[in-house]
Every structure is written in C-alpha cells, then in structure tokens.
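Student: I need the structure of the sequence given here:
(one chain, ligands or ions: 1)
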Amino acid sequence: MSLEKAKIGFLEAFGTEPAGVWSAPGRANLIGEHTDYNNGFVFPVGIDRRTYVALSPRKDMLCRISSALDAKTYEYEISKKMPKNLDWALYPLGVAWVMRESAKSGFDAYIVSDVPVGAGLSSSAAIECSVATALNEIWSAGKSRQELALIGQQAENEVVGAPTGIMDQTASMLAQKDAAVMIDCQSLETELVPMGLSSQGLVVAVIDTRVAHRHSDGGYRSRRDACEKGAKKMGVSSLRELGEADLPQMEEKLDDVTYRRCKHVVTENRRVLDAVESLKKGDLARLGELLLQSHASMRDDFEISVVELDTAVELAMEVGAVGARMTGGGFGGAAIAIIDESKMELLREHCKAIFAKKGFAEPNVFSVAPSEGARKDA
Ligand code: GLA
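Tutor: Numbers count the residues shown, from 1 in each chain. The predicted structure follows:
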C-alpha cells in the first residue's frame with residue numbers, strides 16, 4: 001500500500017515515474033535505554049512499520065523532497081548551505097548533506113511513512129535510513145550498512161541538532177525478520193538473536209501514549225550530560241567501563257542525581273546482556289522481569305518516564321503481559337509489552353478505558369512484528 005502511495009505521490013509531485021523505491025523500518029527497543037551514547041549495549045527490533053522513499057536522480061545538483069505529511073516541497077542544493085525552515089525535511093536533506101562528497105547529482109524524492117511520529121519508534125531513523133540507502137545506490141557510494149547508519153546519526157546530530165546515539169539507525173539498517181539485534185555500541189558489532197515469539201503465540205505490543213516528545217529538547221541532552229559528568233568524575237572515558245561492582249564507589253563520589261543517572265546506565269547494560277541470554281534460552285519469564293526492572297530504573301533513577309507510560313506498563317501487566325517497559329528516549333512516546341496475541345483486544349480495551357478515566361489522551365495500541373532492515377522495494 002505505502003509502496004504504491006510513494007510511487008503515486010512521486011508521479012503527482014514530479015510528473016514522472018521514480019527510478020526506484022527504497023524503505024527502512026522504525027524500531028522498538030526491547031531493552032537497553034540511554035546506553036548507546038555511553039558505548040553500552042542495546043537490544044532493539046526493526047518493526048513492520050516502514051518509511052518508503054520514491055526517488056530519481058536529477059540532471060542538476062538540486063535535491064527536492066516532498067511527502068504525504070504536508071503540501072510543501074523542500075529544497076537543498078548540494079554544496080550550498082542548508083536552508084532554514086526545513087521542518088521534517090531536515091532529516092532526509094540532512095542525509096544528503098552528510099553524503100554530499102559522494103553526490104553525483106541532485107534528486108527528486110517523495111516520502112510516505114507508516115511509522116507513527118513522536119511515538120518513540122524512530123520515525124526519524126526510518127526516514128534517514130531509507131534515504132541513505134537510496135542515495136548510496138543512485139550515487140554508487142559503496143557504503144556499508146554500518147556506515148549508512150553512522151551517516152543517519154550524523155544527520156541527526158549535526159543537521160537536526162539532536163544529540164542522539166547510534167541505536168535507532170543501526171536497528172533500521174541491520175534488523176532482520178523474527179529477530180532482535182544486540183548492538184555493542186562501542187565496537188558497533190551486532191548479533192541477531194531469533195525472537196521465536198510467534199511459535200509461543202506471543203507478540204510485541206506497542207502502547208503509544210500519544211504524549212509527544214522531541215530529542216532536540218532539554219531532557220535528553222541533560223541526561224546525556226549527567227552521564228558524561230559521571231564518567232569524567234569516575235575517571236573513565238565512558239560508563240561502559242563501569243560495572244555493578246563499582247556502584248558503591250560511584251555512590252560515594254557522585255552527587256545523588258548524577259549517581260542515579262549513572263546507576264541506570266550501568267545496571268541497564270547488565271540487563272541487556274541478561275535479556276539476550278534469556279531470549280537465547282527461551283526463558284521468557286526472566287526476560288519479562290528484566291523489562292520491568294528496566295522500566296523501574298528509568299522511572300526512578302533516570303527519571304525519563306511520564307505517568308502515561310507508567311500506567312501503560314501497569315495495565316499491560318494487569319492483562320497478563322510477560323513483561324513491559326517504556327521504549328525509546330522517554331518523556332512521552334510508547335511502551336512495549338510482550339503479550340499473548342489473544343490478549344491484544346483486551347489490552348486495547350483496558351488501556352482505552354483506564355486512560356479515558358484518568359483524563360489522558362486516547363492511546364494507540366497495536367502489535368508489531370520484528371522485520372527486516374533497509375531495502376530496495378521497487
Ligand atoms: C533515542 C535516541 C537513541 C537512544 C534512545 C534511548 O531513541 O535516538 O540514540 O539514545 O533515545 O535509548
């Protein structure tokens with residue numbers, strides 16, 4: 001559907017057929033939050049909600065981009081300065097800016113996305129990775145998937161101005177069907193771990209609270225600053241170098257807030273490794289416990305949850321989820337739960353009813369299937 005919409009949108013916007021259509025998925029992080037920029041471990045899945053980009057090279061160096069999101073066409077000319085007021089087009093045009101040295105031409109592009117915006121499911125990485133994959137091909141840039149992930153991150157850091165880590169783009173580039181990707185954010189090595197949920201009748205549910213968030217705002221940056229401050233005080237180059245055995249010493253040396261921020265990261269790294277082991281062994285009960293511990297750590301120590309996310313986690317457990325936690329950068333967005341597929345309807349109704357009772361916005365509850373990373377579709 002979205003693939004066709006991208007082709008039709010391109011035809012309407014630019015009057016010709018696109019040279020090709022490429023896509024990349026959003027991601028849901030199973031566990032490992034705010035560990036990526038601390039050189040730690042993360043364990044996300046690519047989801048079956050994708051961003052499609054229909055694209056053709058041009059004869060000049062102009063890059064034009066439009067989408068189903070609004071009626072505007074945004075432009076950037078390669079080797080010139082990035083214009084202001086690009087809105088969402090900063091993400092795709094930022095990728096073109098980062099890749100400008102490989103550019104052989106400009107391009108026309110039309111974007112259609114199934115990834116909900118502001119839900120903590122990396123709609124931005126899905127745009128960056130689909131566009132980076134398309135440009136890699138039309139410019140014969142020869143970049144690897146890992147390099148394209150780094151290009152997406154660079155666009156986000158330097159052009160959009162969000163100080164985010166490498167998890168989202170790596171997941172969007174390297175994810176596989178029915179698997180989670182364990183990423184070592186220090187070495188950038190990845191390991192695919194089969195999920196095997198469907199054989200047990202389980203799914204990954206997403207409860208999008210519809211509380212919007214942005215990572216270019218203060219909360220994300222201040223958490224990152226606290227981690228860097230803690231690492232510096234402890235005399236290490238990143239929190240990756242510390243383990244749970246260091247916690248007493250960290251408590252002594254760091255002020256209370258910095259300690260709790262760093263404690264989250266140190267314990268979360270261990271939880272990711274435990275989660276990978278649990279999934280490999282098929283010990284889903286243990287995986288569920290780890291998800292809940294991760295959520296508690298983000299709520300109490302890292303302080304990036306909101307009451308809607310805490311409620312979503314509680315409600316998922318009330319209807320019998322194996323485990324649940326907020327996913328993504330926090331301050332809004334979505335929670336995930338591992339739950340029996342037959343309980344999805346109950347989860348949806350329970351969340352709707354209790355959110356309404358509490359005066360929250362109506363949540364969007366759906367399941368996602370672990371899906372493959374960026375690819376060429378047509
Ligand atoms: C956002 C960022 C990621 C990561 C998560 C938190 O999604 O883009 O790099 O830091 O938040 O785990």
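
Student: Count the residues that sit near the residue of the stretch 1-150 of the chain found nearest the ligand.
Tutor: Using Cβ to the nearest ligand atom, the closest approach of the stretch 1-150 of the chain to the ligand is made by Glu33 at 3.9 Å. All C-beta spots, glycine's among them, are computed from the backbone N, C-alpha and C. Residues lying near Glu33 (other Cβ atoms under 10 Å) number 28.

Student: Tell me the spacing between it and Arg210.
Tutor: 20 Å (Cβ to Cβ, to the nearest Å).

Student: Ok, Asn269 next?
Tutor: For Asn269 relative to Arg210 (Cβ to Cβ), the value is 30 Å.

Student: okay, those two: which has more neighbours?
Tutor: A side-by-side neighbour count of Asn269 and Arg210, using other Cβ under 10 Å, places Asn269 first with 23 against 18.

Student: Make sure the residue of the stretch 1-150 of the chain closest to the ligand is actually in contact with Ala335.
Tutor: No. In this structure, Glu33 is not within contact of Ala335 by Cβ atoms under 8 Å, at 11.7 Å.

Student: Identify the contacts common to these two.
Tutor: Common neighbours of Glu33 and Ala335, counting by Cβ atoms under 8 Å, 6 or more residues apart in numbering, are Met326, Thr327.

Student: So for stretch 326-341, first residue to last residue, what's the gap.
Tutor: From its first residue to its last, stretch 326-341 covers 19 Å (Cα to Cα, to the nearest Å).

Student: Oops, could you answer that again for stretch 158-174 instead?
Tutor: 23 Å.

Student: Tell me the buried residues in it?
Tutor: 159-160, 162, 164-174 (16 or more other Cβ atoms under 10 Å).

Student: Show me what the host helix or strand of Tyr259 is packed up against.
Tutor: In the assignment (DSSP states H and E), Tyr259 maps to helix 256-281. Applying 3 or more Cβ pairs under 8 Å, 6 or more residues apart in numbering; DSSP states H and E, we find helix 256-281 packed against strand 20-31, strand 41-57, strand 179-184, strand 190-194, helix 218-233, helix 247-253, helix 284-300.

Student: Could you single out the most deeply buried of these?
Tutor: Of all the helices and strands packed on helix 256-281, strand 20-31 has the most neighbours on average by mean count of other Cβ atoms under 10 Å, namely a mean of 28.

Student: Would you double-check that Ala171 falls in a helix?
Tutor: Yes. Counting by DSSP: H, G, I helix; E, B strand; the rest coil, Ala171 is located in a helix.

Student: In this structure it contacts Asp36, no?
Tutor: No. Proximity of Ala171 to Asp36 does not meet the contact threshold set by Cβ under 8 Å, at 10.1 Å.

Student: Now list whatever residues contact both of those two.
Tutor: Counting by Cβ under 8 Å, 6+ apart, the contacts common to Ala171 and Asp36 are Val42, Ile183.

Student: In the stretch 201-350 of the chain, what residue comes closest to the ligand?
Tutor: Counting by Cβ to the nearest ligand atom, the stretch 201-350 of the chain gets nearest the ligand through Gly329, at 3.1 Å.

Student: For that residue, which three-state class applies?
Tutor: If you use three-state DSSP, then Gly329 falls in the coil class.

Student: That's all I had, so thanks and see you.
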